[in-house]
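A.B. asks: Predicted model and sequence below, questions to follow.
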Amino acid sequence: MSTLSLWTRRDPFAEFDALFRAARQPRGFVPAAEVERDGDDALVRLELPGLDAERDVTVEIDGGRLVVRGERRDERTEERDGRSLREVRYGSFRRSFGLPAHVTADAVTASYDAGVLTVRVAGAHAGSGARQIPVTTGTAAIEQPAA
């Protein structure tokens, strides 16, 4: 036999949790990104339509991370009958991606074409292939490396 309850106990922290989650939601413009492997290189593409890449976008290496930041500006001043509908987001954005320790700024190039920023990180996957580790059997002890 199972018991079914027709009421739910109210969580006193539910409203606080909802407010906290809402505060952590990104506001403004957050560009879509994709990361893919191209041989030993990593390609990061961000959709940035309508931006002036030279004026509004910065690509840099900071603390072992690839950081792309910028701003989509709303420079329109006209209004029509006092009404407007906006589905395009404006504002500052920042996206960051972890990098292997061996990557330097010299390995990074960026280009912008048809609203897409493409960042190539040369050699990001170099030496990252799988390596098989031999497994010993029996009572053989694992040797500790010399200190």
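C.D. replies: Yes, it's here.
A.B. asks: Beyond the worst-scoring helix or strand of the chain on mean pLDDT, next helix or strand please.
C.D. replies: Across the helices and strands of the chain, the lowest-confidence element by mean pLDDT, DSSP states H and E is helix 14-24, at a mean of 66. Downstream of helix 14-24, the first helix or strand assigned by DSSP states H and E is strand 33-38.
A.B. asks: Flag every buried residue along the next helix or strand after that next one.
C.D. replies: Sequence order places strand 41-47 as the next helix or strand after strand 33-38, per DSSP H and E. Of all the residues in strand 41-47, those buried under the rule 16 or more other CB atoms under 10 Å are 41, 42, 44, 46. (C-beta placed from N, C-alpha, C; glycine too.)
A.B. asks: What's the separation between the last one and residue 101?
C.D. replies: Per CB to CB, to the nearest Å, residue 46 is found 24 Å from residue 101.
A.B. asks: next one: the second one
C.D. replies: In this view, residue 42 and residue 101 are 14 Å apart by CB to CB.
A.B. asks: What segments of this structure are strands?
C.D. replies: 33-38, 41-47, 57-62, 65-72, 91-98, 108-113, 116-121 (DSSP state E).
A.B. asks: for the first one, packing partners?
C.D. replies: Based on contacts counted as 3 or more CB pairs under 8 Å, 6 or more residues apart in numbering; DSSP states H and E, the elements that strand 33-38 packs against are strand 41-47, strand 91-98.
A.B. asks: So, low pLDDT: which residues of the protein?
C.D. replies: 1-28, 75-87, 128-129, 139-147 (pLDDT under 70).
A.B. asks: Chain neighbours aside, what residue packs nearest to residue 61?
C.D. replies: Spatial nearest neighbour of residue 61, chain neighbours left out: residue 105 (4.7 Å); criterion: CB to CB, 6 or more residues apart in numbering.
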